[in-house]
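Here you go, sequence then predicted model.
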Amino acid sequence: MKKKAAIGVAKILGVFAVFFVSTACFYLFHRPEIPAELKRS
């Protein structure tokens, strides 16, 4: 019983981690405004 609960928690944490990383990447790399440093290069 404990093993099933641990696997369930691990799956939830895994999904949360993937969602968090995807969201962070989306906000970091898909901003509409481009910094001046990136426009020069």
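Sure, I can see it. Computed from a predicted structure; not experimentally measured.

ok, Phe26 - how many residues close by?
Using other C-beta atoms under 10 Å, Phe26 has 10 neighbouring residues. For glycine as for every other residue, the C-beta is placed from the backbone atoms N, C-alpha and C.

should've said Gly14
For Gly14, the count of nearby residues is 10 (other C-beta under 10 Å).

what does Phe29 give?
Neighbours around Phe29, by other C-beta under 10 Å: 7.

I'd like to know how far it sits from Met1.
42 Å (C-beta to C-beta, to the nearest Å).

Lys11 too?
Look at Lys11 and Met1: by C-beta to C-beta, they are 16 Å apart.

Kindly report the same for Phe19.
Distance of Phe19 to Met1, given as C-beta to C-beta: 27 Å.

Give me the buried stretch members for stretch 6-26, please.
Judged by neighbour count (16 or more other C-beta atoms under 10 Å), stretch 6-26 contains no buried residues.

Mean confidence (pLDDT) on that stretch, please.
For stretch 6-26, mean pLDDT is 88.

could I get it in CSV with only the CA atoms?
What follows is stretch 6-26 as a C-alpha-only set of coordinates in CSV (Å, rounded to 0.1, in the frame of the first residue of the first chain):
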residue,chain,number,x,y,z
ALA,A,6,4.8,6.6,-3.1
ILE,A,7,4.5,5.9,-6.8
GLY,A,8,1.4,8.1,-7.0
VAL,A,9,3.2,10.9,-5.2
ALA,A,10,6.3,10.5,-7.5
LYS,A,11,4.1,10.7,-10.6
ILE,A,12,2.4,13.8,-9.3
LEU,A,13,5.7,15.4,-8.5
GLY,A,14,7.1,14.4,-11.9
VAL,A,15,4.1,16.0,-13.7
PHE,A,16,4.4,19.1,-11.6
ALA,A,17,8.2,19.4,-12.3
VAL,A,18,7.6,19.1,-16.1
PHE,A,19,4.8,21.6,-15.9
PHE,A,20,6.9,24.0,-13.8
VAL,A,21,9.9,23.8,-16.1
SER,A,22,7.8,24.1,-19.3
THR,A,23,6.1,27.2,-17.8
ALA,A,24,9.4,28.7,-16.7
CYS,A,25,10.9,28.2,-20.2
PHE,A,26,7.8,29.6,-21.8
